[in-house]
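>>> coordinates only, no sequence provided:
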């Protein structure tokens, strides 16, 4: 019996040790020190959130209750899909559901503050909806929210705005002032002037989704939304499989796009002859929207525009399904026919002369 008791005792110790590890080091924190912060040059331009005439609305100026509220982010890569505001005894919290699943942690503060904070102060997502429950200091006021990229393993500075005007009218205990035009975006143009942002090269393989296909070129259908609707990308487009990872070569309907930003990395226009802009970018998700930014000079000054791309895995086909590739094939056949016809015509003429 003694060996059995000893084995049981060791088993208890092992289980206790494993539980201690789970409790002391949560899985989301275990792989990383979380002490890196993205430089300004590694981030896309920020969107203007504040409006002229805005004044902060505190929890004391909102009735206790639970309300839907509109929330905007300064970054297209950290887009809030929907949010619910809870007010209790003058304190406000919000459950914000995100479009992207690239950020498993947030911290209500700057990236520098997040990097210096203990892991216990990080906010993890809840459930399958990718929802974070965060404290809200005030409505109608930009609040700092650092987002941790699981791919880049660094904190990105964001700002959130909870708009009081989107609450039900009965929820407010004060009258809101008239709002004017956007005040301006913080950090605007950072990506445009960055010399150390990745240029032209495809990002590391972990950005692109894995595909169980031989390396090579294929076709895939892509849908794009956003912008004014005047610009488009060709579909189907090129699907490039490299090292078992998926990339796309996008052909725009315009020659004025000079760079794109995908998952915080900048990709330069590959076209050098003045024809329509072309970009090779990683496909970071299949059958789901990918937020991207494309910079256009069509209106004079460079303007970054947010788009959403969806690549459909069920449409993967041979690259000859791409109109441009099919046109090249037809052209090659036509050239061969012309050459062969010319040779035959020459031979027949020589025979007739004999």
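That came through, no problem. For clarity, every value in this text was computed on a predicted model and none was experimentally measured. Residues are numbered from 1 along each chain as shown.
>>> what is the least confident helix or strand in this protein?
Least confident helix or strand, the chain: helix 27-30 with a mean of 46, by mean pLDDT, DSSP states H and E.
>>> tell me which helix or strand comes right after that helix.
The helix or strand immediately downstream of helix 27-30 is strand 65-68, counting by DSSP states H and E.
>>> distance of residue 249 from residue 285?
As judged by C-beta to C-beta, to the nearest Å, residue 249 and residue 285 stand 17 Å apart. Yep, even glycine has a C-beta here, placed from its N, CA and C like the rest.
>>> how about the strands in the stretch 201-350 of the chain?
216-220, 222-226, 237-242, 245-251, 257-262, 265-268, 278-282, 290-296, 303-311, 317-318 (DSSP state E, counting those that start in this stretch).
>>> quick check: which of those is nearest to residue 116?
Smallest distance to residue 116 across those (C-beta to C-beta): 25.7 Å, for strand 265-268.
>>> show me what that closest one is packed up against.
Counting contacts by 3 or more C-beta pairs under 8 Å, 6 or more residues apart in numbering; DSSP states H and E, strand 265-268 is packed against strand 257-262, strand 278-282.
>>> tally of neighbours for residue 141?
Applying other C-beta atoms under 10 Å, we find 19 residues neighbouring residue 141.
>>> rewinding a little: could you dump the strands of the stretch 201-350 of the chain to JSON lines with mean neighbour count, distance to residue 81 and mean pLDDT?
Shown next, in JSON lines, are these (neighbours: other C-beta atoms under 10 Å; distance: least, C-beta to C-beta, whole Å; pLDDT from 0 to 100):
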{"stretch": "strand 216-220", "mean neighbour count": "18", "distance to residue 81": "25", "mean pLDDT": "95"}
{"stretch": "strand 222-226", "mean neighbour count": "16", "distance to residue 81": "14", "mean pLDDT": "94"}
{"stretch": "strand 237-242", "mean neighbour count": "21", "distance to residue 81": "26", "mean pLDDT": "95"}
{"stretch": "strand 245-251", "mean neighbour count": "20", "distance to residue 81": "24", "mean pLDDT": "95"}
{"stretch": "strand 257-262", "mean neighbour count": "22", "distance to residue 81": "19", "mean pLDDT": "92"}
{"stretch": "strand 265-268", "mean neighbour count": "20", "distance to residue 81": "23", "mean pLDDT": "88"}
{"stretch": "strand 278-282", "mean neighbour count": "21", "distance to residue 81": "23", "mean pLDDT": "95"}
{"stretch": "strand 290-296", "mean neighbour count": "23", "distance to residue 81": "11", "mean pLDDT": "91"}
{"stretch": "strand 303-311", "mean neighbour count": "19", "distance to residue 81": "12", "mean pLDDT": "91"}
{"stretch": "strand 317-318", "mean neighbour count": "12", "distance to residue 81": "32", "mean pLDDT": "93"}
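>>> end-to-end on stretch 221-237?
End-to-end distance for stretch 221-237: 6 Å, by C-alpha to C-alpha, to the nearest Å.
>>> could we number from 48 for the rest of this?
All set: I'll call the first residue 48, so the last point we hit is now stretch 268-284.
>>> domain-wise, how is the chain divided?
Following automatic domain parsing, the chain resolves into domains at 48-78, 83-218, 252-368, 371-401.
>>> quick one: end-to-end distance for the second one.
One end of domain 83-218 to the other measures 40 Å (C-alpha to C-alpha).
>>> before we move on, what about stretch 358-365?
Chord length of stretch 358-365, first to last residue, is 15 Å (C-alpha to C-alpha).
>>> tell me the contacts of residue 162?
81, 82, 83, 84, 202 (C-beta atoms under 8 Å, 6 or more residues apart in numbering).
>>> double-check that it belongs to a helix.
Yes: applying DSSP: H, G, I helix; E, B strand; the rest coil, one finds residue 162 inside a helix.
>>> how near is it to residue 81?
In terms of C-beta to C-beta, residue 162 sits 7 Å off from residue 81.
>>> spit out the residues that contact those two alike.
With C-beta under 8 Å, 6+ apart as the test, residue 162 and residue 81 both reach residue 202.
>>> would you mind measuring from the nearest residue to residue 354 once chain neighbours are set aside to residue 85?
Among residues not flanking residue 354 along the chain, residue 273 sits closest, at 3.9 Å (C-beta to C-beta, 6 or more residues apart in numbering). Residue 273 sits 24 Å away from residue 85 when distances are taken as C-beta to C-beta.
>>> now residue 264
The gap separating residue 264 from residue 85 is 33 Å, by C-beta to C-beta.
>>> before we move on, back to that, okay if I get the helices and strands packed on strand 312-315 as CSV plus distance to residue 90?
Putting these into CSV (distance: least, C-beta to C-beta, whole Å) gives the following:
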stretch, distance to residue 90
strand 304-309, 9
strand 325-329, 18
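>>> burial count for the residue nearest to residue 183 when sequence neighbours are not counted?
In this structure, residue 183 finds its nearest non-sequential neighbour in residue 139, 4.1 Å apart by C-beta to C-beta, 6+ apart. Residue 139 has 21 neighbours, counted by other C-beta under 10 Å.
>>> residue 139 touches residue 107, doesn't it?
No: with contacts counted by C-beta atoms under 8 Å, residue 139 stays clear of residue 107, the gap being 9.7 Å.
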